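Asker: Quick one: sequence and predicted model below, then my questions.
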Amino acid sequence: MMLRHLTGTKESTSRRSNIFELYHLRIKQSFIHFFALTIFLTKTPNSVVGFSSSRGGLQMSAGISPEYASAAARRQPESTSFVTNKMCPYAQKAWIALEYSDIPYTMKEISLYGANGKPDWFLELNPGGTVPVLECYGGAVVLPDSEVILDFLSEEGRIESPNLNKLVLKKNNEETKALVKKWRNIMTKQVNPLGKKAVLGGGSSGKKDLFKLLQQIDKDVKGPYLCGKDVTVADCAAFPFLWRINEEFGLSEDEGCERLSEWLRTCEQIDAFKKTIQTSWWWWW
C-alpha cells in the first residue's frame with residue numbers, strides 16, 4: 001500500500017509539472033505571436049496594410065492576420081475569392097494577373113447595372129461599389145482596387161500558389177520594377193485619358209493625339225512583352241485597354257504601332273489573356 005501511495009504521488013507531481021510546462025509554453029507562444037504581429041503591422045509596406053489609391057485600397061478584417069493563416073488553407077480555391085464583372089477592363093487586368101499567377105481562386109460575377117445590379121453583400125464588401133474585389137486568406141484581407149490587386153500579386157510572399165507565381169518581381173530586380181512602374185503610369189495617366197477622348201467624340205484631333213502617344217510608347221516595347229522576355233503586371237494592366245483601342249481603331253505598322261501590334265498578338269496566344277477576352281465588353285468610363 002505504501003509503495004502504491006508513493007507511486008501515485010510521483011504520478012500526480014509529474015502530471016502537475018507537465019500541466020505547468022504546457023501552460024508556460026502557451027504563455028510564451030502568445031507573447032511571440034503578439035510580438036510578431038506587432039512587427040508585421042508596423043513594418044509592412046503601405047501597399048499591404050492601410051494602402052489607399054485614387055480608386056480604392058486594401059482593407060484588413062479584425063482578428064486574422066495573414067501571417068498566421070494556414071498555409072494549406074491559402075492554397076485552397078475558396079481561400080481566395082475574386083468578385084468581378086467580365087465586361088469591365090479594370091476587372092479584366094486583375095483577372096489576367098490571377099490566371100497567369102496560377103493562384104487558385106473562385107470567381108463571383110455580379111451585375112453592376114439594371115434591376116439585377118449590385119447586391120447588398122457586395123456593397124458591404126466594397127461600399128465604393130466598384131469591381132474588381134479580391135478577398136484573400138478566407139476574407140482576412142480585402143482588396144477593392146485593380147491596381148492594389150496587381151501590387152499584391154506581384155510582391156514576394158503575399159499569397160501562395162501551388163506552382164511558381166510567375167508574376168512575382170524579385171526584390172533585387174530593380175530595373176524591371178522601374179519599367180513596370182513606368183508602363184503602368186503611362187496607361188493610367190496618358191493612354192486611358194486620350195483613349196476616352198478619342199472614342200467620345202474627340203474627332204480627328206482626338207484620334208490623332210492618341211496615336212501620336214501610341215507611336216511614342218511603341219518604341220519603348222522591349223519585346224516580346226512590354227518589359228522584356230517575361231510577362232509582368234505591366235502587360236496585365238495594359239492589355240484590356242490597348243486591346244479595346246485596337247478593336248476600335250486598329251494598331252498596325254501603318255499607324256506606327258508595329259511593336260504594340262506584335263505585343264498584342266503575342267498576348268492573345270497566352271491562355272491567361274485569351275480566357276479573359278469577351279465578345280461584349282465595356283470601355284473604361
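Answerer: That came in fine, so what should we check first?
Asker: just for this protein, where's the confidence low?
Answerer: Applying pLDDT under 70 to the chain flags residues 1-78, 202.
Asker: Can you show me the helices along it?
Answerer: 2-43, 71-74, 89-101, 120-125, 146-154, 174-186, 192-199, 203-218, 233-248, 258-268, 271-274 (DSSP state H).
Asker: ok, now how distant is Thr276 from Tyr90?
Answerer: 12 Å (CB to CB, to the nearest Å). Placement of C-beta: from N, CA and C, glycine included.
Asker: Overlap of the contact sets of these two?
Answerer: Pro240 (CB atoms under 8 Å, 6 or more residues apart in numbering).
Asker: For stretch 113-124, which outside residues touch it?
Answerer: Val83, Ile110, Ser111, Leu112, Gly129, Val133.
Asker: quick one: buried residues of stretch 276-285?
Answerer: Within stretch 276-285, the residues that count as buried by 16 or more other CB atoms under 10 Å are Thr276, Ile277, Trp281, Trp282, Trp283.
Asker: got it, and stretch 134-143?
Answerer: Here stretch 134-143 shows Leu134, Glu135, Cys136, Tyr137, Gly138, Ala140, Val141, Val142, Leu143 as buried, counting by 16+ other CB under 10 Å.
Asker: isn't the second one right up against Pro144?
Answerer: No. Look at Glu135 against Pro144 with CB atoms under 8 Å: they stay out of range, at 9.6 Å.
Asker: Give me the common contacts of those two.
Answerer: Joint contacts of Glu135 and Pro144 (CB under 8 Å, 6+ apart) are Leu125.
Asker: Can you tell me what sits against stretch 86-94?
Answerer: Outside stretch 86-94, the residues within contact range by CB under 8 Å, 6+ apart are 55, 82, 84-85, 95, 109, 112, 130-132, 134, 146, 149-150, 236-241, 244, 276, 278, 280-284.
Asker: and with 6 Å instead?
Answerer: 84-85, 131-132, 146, 149, 236-237, 240-241, 276, 278, 281-282, 284 (CB atoms under 6 Å, 6 or more residues apart in numbering).
Asker: Tell me the one of these nearest Ser101?
Answerer: Checking the contacts of stretch 86-94 against Ser101 with CB to CB, the nearest one is Cys236 at 9.3 Å.
Asker: and the closest one, how far is that from Gly203?
Answerer: 32 Å.
Asker: next one: Trp95
Answerer: The gap separating Trp95 from Gly203 is 33 Å, by CB to CB.
Asker: cool, and Glu258?
Answerer: 26 Å.
Asker: Please apply the same query to Phe122.
Answerer: For Phe122, the distance to Gly203 equals 38 Å [CB to CB].
Asker: Who has more neighbours out of these two?
Answerer: Legend: neighbour count by other CB atoms under 10 Å for Phe122 and Gly203, higher for Phe122 (18 against 9).
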